[in-house]
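> sequence and computational prediction follow.
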Amino acid sequence: MVGDMEKTLAELASIVEGCHTGDGRVRIQKAAPFETAESEAITLARSPKYQRCIAETKAGAVIVPADFDYPGLNLLKVDNPYAAFARIIAVLHPPARPAAGIHPSVLAGEGFRHGDDTAIGPRVVIGRGVVIGARCRIYPGVVIGDDVVLGDDVCLHANVTIMNGCRIGHRVTIQAGSVIGSDGFGYAPDGERYVKIPHTGIVQIDDDVEIGANNTIDRGTFGRTHIQRGVKTDNLVHIAHNVVIGPDSILVAQVGISGSATLGRHVVLAGQVGVTGHLHIGDYVMAGGKTGISKSVPDGQMISGAPEMPHKLWLRVQRIIPRLPDIRKKVKSLERRVQRLEGDPGDGATKH
Amino acid sequence: MVGDMEKTLAELASIVEGCHTGDGRVRIQKAAPFETAESEAITLARSPKYQRCIAETKAGAVIVPADFDYPGLNLLKVDNPYAAFARIIAVLHPPARPAAGIHPSVLAGEGFRHGDDTAIGPRVVIGRGVVIGARCRIYPGVVIGDDVVLGDDVCLHANVTIMNGCRIGHRVTIQAGSVIGSDGFGYAPDGERYVKIPHTGIVQIDDDVEIGANNTIDRGTFGRTHIQRGVKTDNLVHIAHNVVIGPDSILVAQVGISGSATLGRHVVLAGQVGVTGHLHIGDYVMAGGKTGISKSVPDGQMISGAPEMPHKLWLRVQRIIPRLPDIRKKVKSLERRVQRLEGDPGDGATKH
Amino acid sequence: MVGDMEKTLAELASIVEGCHTGDGRVRIQKAAPFETAESEAITLARSPKYQRCIAETKAGAVIVPADFDYPGLNLLKVDNPYAAFARIIAVLHPPARPAAGIHPSVLAGEGFRHGDDTAIGPRVVIGRGVVIGARCRIYPGVVIGDDVVLGDDVCLHANVTIMNGCRIGHRVTIQAGSVIGSDGFGYAPDGERYVKIPHTGIVQIDDDVEIGANNTIDRGTFGRTHIQRGVKTDNLVHIAHNVVIGPDSILVAQVGISGSATLGRHVVLAGQVGVTGHLHIGDYVMAGGKTGISKSVPDGQMISGAPEMPHKLWLRVQRIIPRLPDIRKKVKSLERRVQRLEGDPGDGATKH
């Protein structure tokens, strides 16, 4: 693989507002992992594990914490090496951009407007009254319903569906196959049968959100389902009607959030977590994989288990669960021994 | 948001076969939640919580149980307020209907037939011998295989795939991105490798079913996978080959049902439940979130846990699990104390 | 249902390298289950359960183990009856094949090449530099990114997305709606916010793999996510960036594998299993449904539970969990009794 761009170490240092040691003129064509980086690549050594063997890398330059030094190497020193590495990967390997313009096969309804430098690929279908911002990339097979609004720099990957009336902010990316604005799951029992609750609300996705592949985000019954600024969801995540996901929250793969639950800011839910409806998860809450959250959780808690408990308690509990057969045996044995002890005085008494 | 239709309170009462108090001529343009309803809206007060503060609503009319009264308000009194509200939302906010007709970009194979007033949107691909009923709505990007039959009033949202031979009843809605008729997951071991079991069956979906977004329903190995009348599935639900889901059953998001399992009528499986293959779940069974169902379940049971147990037992068990460290400590302490007690008589004996 | 092909029993025996008893000229038109097979069908009796009532079947022929006999019936005797049945279903019911050729509505970028007898259906969109092998079937709505390579005999069902640069081997089938090559879920924290880690790697899928419907397989951060020869995944499976799935492994529905985890050969993960990132699961490991795998697992282990433990231990543990209320009660009772016992000697002493 040949890198897409070439920069000198000094240029890269300038881009990430760091400083460099060694030869600032060394030409960097790509970013690569520590173990496999060659002389044309820059790599990352943010942990002591990598810093200890930094002399072994063949990389042309290494990103390190600002207080790390190693004479004779080309280092790029920054406060946040991981974030700097992310930014440098983006510079050296810019995503393929389809040429700006609307492919002639695109079908759009009345009132469609779009900003400058937006690229809309083949076979995209766009409803009436849709507004798409500048510099967006819309890939083939995307279907956009009526009255949808997309901000600037939005990327919708192939076969994404955005349904009527949904609103997407700036710099939002949605991976392939996701569905935004499906009906919420609500039915009123009527004898043995159910009457569908029509869903008249929308999904609103704020700026800087990234939605993974094959997600499903339902529209509100009334009002909106609201994915706030900076939220990231992994693949196959389900978000039900009228849920609010607070800013910068992270939902890992296969998480499911039931209707009207609200998450605060900077919540992290690990893979396969399930959240019951109508509860609130506070700011900065973290939940381990497969947690079943059945009650509201105060700010800052770290939880695990199903149902949820403090993570530290769960660490102890999960060590005990495999010992339950042993504990049960001990309890049975104790019962026999205590019964014997309780009997003994009587026996002893008769012996006297 | 302006309502799509306007009805008087008296008209609405007539539609839902209820009666009204107050001013039957009040004009209602929309349905809205209790807290935010304004004078042009009708809202719902089905629980005492809302009925106690019913004077506070600004709604133009309120749907209440038949035996509730409040002088001076415009009330719509019905036996089933929630179902009536659902029907009234549908009346006031009818779903956007694409104009009837087959978009010129639709590609259909030989023998394609369809009923009156059916709308098939851009870019839909339809196989040979397909029959689609009256008043259907087929959204862009839908792919329908050969010999598929759809009843009347079917709605297939964008990017749905219905594969060869599947049969869909009347008034069925399938949310975007779902796949109906993928091959079942069956392989015959042959030494270290596997031979695929071809799947020659179909998926049959009966009347009044609603399938959520990004579901996967596999065809039968032989015969059929059968989703019976009135079933509702939420998003990201998986239903394997030859499964039978009985009438009016409810599968909440991310439920997975393994091959040849059968569910009775009116079963409710909460989010992320998993069902082992080849078992039977009886009528009216309810399973809590994340239940792992590994054995057949008799009619009417309420279960939870993984593996499943009676829900009432699970409520007690789940309160004890976080106390396991405490229980273990107590058992250890008891062992020491009993050992001491067992030793005492001997010691005592030597003291004599 | 009429079978698609007709073969004599002798011809079928020859195809699966078995031998037959009875009338080799009997004409077989279809494969069918034991209970419903009629005279034109062949069926399977591989287990004693079916062999005991083999005289009851109306099937024209029955596939049985090589050492089984039953005078008067038309038997097809093979070493591996189940695999032979699978092969015979494929012979008698060959999958519908669209006519070879590229539909005129297909859009392909510069440098697109394909092999003989490949069929590409309507509305497929193909990027630049794509190479597709011989005898492939690409169904409507598929989107293939730039520089993708597909081997021979690949089948991509409707609405599949294969993103830039991914490589697919020979005889690979991908069920409808799956996404191959979405970005991995990686973000570098930067204060309260996150910087996206661009994903420059690919997904590589080796020969004889089958991917279920609505799967999501992320590309590598660098390098590749690697699905090795013969792997089978069920529906709604998630595989994160840089994961390696070893040959002939089986991932049942709704399994999720976190980033950089590696699976050995012939691993079997049952439904809804979750795997933590950066761990290794050894060859021939089997995990029960809903297992949460949080640590590396040595070769050959059979595990269950969340977190995982040996399956045999889990069988005992899961029988004890519902008895926890009883155990807790016994411990409380023991405490009282031991306290009384500890008190008694003192009391006794004062009585002396």
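Right, received. Where do you want to start? Residues are numbered from 1 along each chain as shown, chains lettered A, B, ... in the order given.
> and the pLDDT at residue A:351?
On the pLDDT scale, residue A:351 is placed at 40.
> no, scratch that, I was asking about residue A:343
Predicted confidence (pLDDT) for residue A:343: 86.
> how close does it sit to residue C:341?
For residue A:343, the distance to residue C:341 equals 11 Å [Cβ to Cβ, to the nearest Å]. (C-beta placed from N, C-alpha, C; glycine too.)
> looking at the two, which one has more neighbours?
Neighbour totals were compared for residue A:343 and residue C:341, and residue C:341 leads with 20 against 10 (other Cβ atoms under 10 Å in any protein chain shown).
> may I see the buried residues of the helix or strand the more buried one falls within?
Residue C:341 is part of helix C:324-351 when elements are defined by DSSP states H and E. Using 16 or more other Cβ atoms under 10 Å in any protein chain shown as the test for burial, helix C:324-351 gives C:324, C:327, C:328, C:330, C:331, C:334, C:335, C:337, C:338, C:341.
> burial of the closest residue to residue A:6 other than its chain neighbours, as a residue count?
Distance criterion Cβ to Cβ, 6 or more residues apart in numbering or on different chains; nearest residue to residue A:6, sequence neighbours excluded, is residue A:29 at 5.0 Å. Residue A:29 has 20 neighbours, counted by other Cβ under 10 Å.
> from what I see, residue A:29 and residue A:41 are in contact.
Yes: counting by Cβ atoms under 8 Å, residue A:41 is a contact partner of residue A:29 at 7.1 Å.
> what residues are up against residue A:156?
A:136, A:137, A:138, A:139, A:142, A:144, A:150, A:162, A:174 (Cβ atoms under 8 Å, 6 or more residues apart in numbering or on different chains).
> will you turn those residues into JSON lines that also has neighbour count?
Shown next, in JSON lines, are these (neighbours: other Cβ atoms under 10 Å in any protein chain shown):
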{"residue": "A:136", "neighbour count": "23"}
{"residue": "A:137", "neighbour count": "20"}
{"residue": "A:138", "neighbour count": "27"}
{"residue": "A:139", "neighbour count": "26"}
{"residue": "A:142", "neighbour count": "27"}
{"residue": "A:144", "neighbour count": "29"}
{"residue": "A:150", "neighbour count": "27"}
{"residue": "A:162", "neighbour count": "31"}
{"residue": "A:174", "neighbour count": "28"}
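> just put the residues you listed in TSV and tack on distance to chain C, pLDDT and secondary structure.
Below are the contacts of residue A:156 laid out as TSV (distance: Cβ to the nearest Cβ, whole Å; pLDDT from 0 to 100; DSSP: H, G, I helix; E, B strand; the rest coil):
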residue	distance to chain C	pLDDT	secondary structure
A:136	17	98	coil
A:137	12	97	strand
A:138	12	98	strand
A:139	7	98	coil
A:142	9	98	coil
A:144	16	98	strand
A:150	19	98	strand
A:162	16	98	strand
A:174	10	98	strand
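> and residue A:107, how close does it get to residue A:144?
10 Å.
> what do those two both touch?
A:124, A:125, A:126.
> the last one: what's its closest spatial neighbour, skipping adjacent residues?
By the measure of Cβ to Cβ, 6+ apart, the closest residue to residue A:126 outside its immediate chain neighbours is residue A:108, 3.9 Å from it.
> tell me how many other residues surround that neighbour.
For residue A:108, using other Cβ under 10 Å, the count is 18.
> which ones are touching the closest residue to residue A:65 other than its chain neighbours?
Using Cβ to Cβ, 6+ apart and skipping the chain neighbours, the partner closest in space to residue A:65 is residue A:81 (5.6 Å). The contact partners of residue A:81, by Cβ under 8 Å, 6+ apart, come to A:44, A:45, A:46, A:63, A:64, A:65.
> for residue A:89, same thing?
Contacts of residue A:89 by Cβ under 8 Å, 6+ apart are A:31, C:197, C:198, C:200.
> and those as a markdown table, adding pLDDT and secondary structure?
Converted to a markdown table, the contacts of residue A:89 look like this (pLDDT from 0 to 100; DSSP: H, G, I helix; E, B strand; the rest coil):
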| residue | pLDDT | secondary structure |
| --- | --- | --- |
| A:31 | 96 | strand |
| C:197 | 96 | coil |
| C:198 | 96 | coil |
| C:200 | 95 | coil |
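> tell me where chain A has helices.
In chain A, the helices defined using DSSP state H lie at A:9-15, A:48-52, A:81-92, A:311-320, A:324-351.
> now the last one against helix A:311-320, angle please.
Here helix A:324-351 runs at an angle of 70 degrees relative to helix A:311-320 (axes from the mean of the first three to the mean of the last three Cα atoms, to 10 degrees).
> now check helix A:324-351, is it near chain B?
Yes: interface with chain B: helix A:324-351 contributes A:324, A:327, A:330, A:331, A:334, A:337, A:338, A:341, A:344, A:348 (Cβ under 8 Å from any Cβ of the partner chain).
> so for the fifth one, what's the pLDDT?
So the one you mean is residue A:334. Model confidence at residue A:334, given as pLDDT, is 96.
> and it, how far is that from chain C?
The gap separating residue A:334 from chain C is 5 Å, by Cβ to the nearest Cβ, to the nearest Å.
> again, but for residue A:281
Computed as Cβ to the nearest Cβ, the residue A:281 to chain C distance reads 17 Å.
> dump the residue contacts of that residue.
Here residue A:281 is in contact with A:261, A:262, A:263, A:264, A:267, A:275, A:287, A:293, A:296, A:297 (criterion: Cβ under 8 Å, 6+ apart).
> please identify which pair of those lies farthest apart.
For these, with distances taken as Cβ to Cβ, the pair at the greatest spread is A:262 and A:287 (14.8 Å).
> the two - which one has more neighbours?
Neighbour count, other Cβ under 10 Å: between residue A:262 and residue A:287, residue A:287 has more, with 26 against 19.
> my read: that one touches residue A:272, true?
No: counting by Cβ under 8 Å, residue A:287 does not reach residue A:272; the two are 10.3 Å apart.
> related to what we said a few turns ago, among the contacts of residue A:281, name the buried ones.
Among the contacts of residue A:281, those scoring as buried are A:261, A:262, A:263, A:264, A:267, A:275, A:287, A:293, A:297 (criterion: 16+ other Cβ under 10 Å).
> how does chain A divide into domains?
A:7-92, A:101-312 (automatic domain parsing).
> related to what we said a few turns ago, format the contacts of residue A:156 as CSV; extra columns: distance to chain B.
CSV is the format used below for the contacts of residue A:156 (distance: Cβ to the nearest Cβ, whole Å):
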residue, distance to chain B
A:136, 19
A:137, 18
A:138, 13
A:139, 13
A:142, 9
A:144, 9
A:150, 16
A:162, 9
A:174, 12
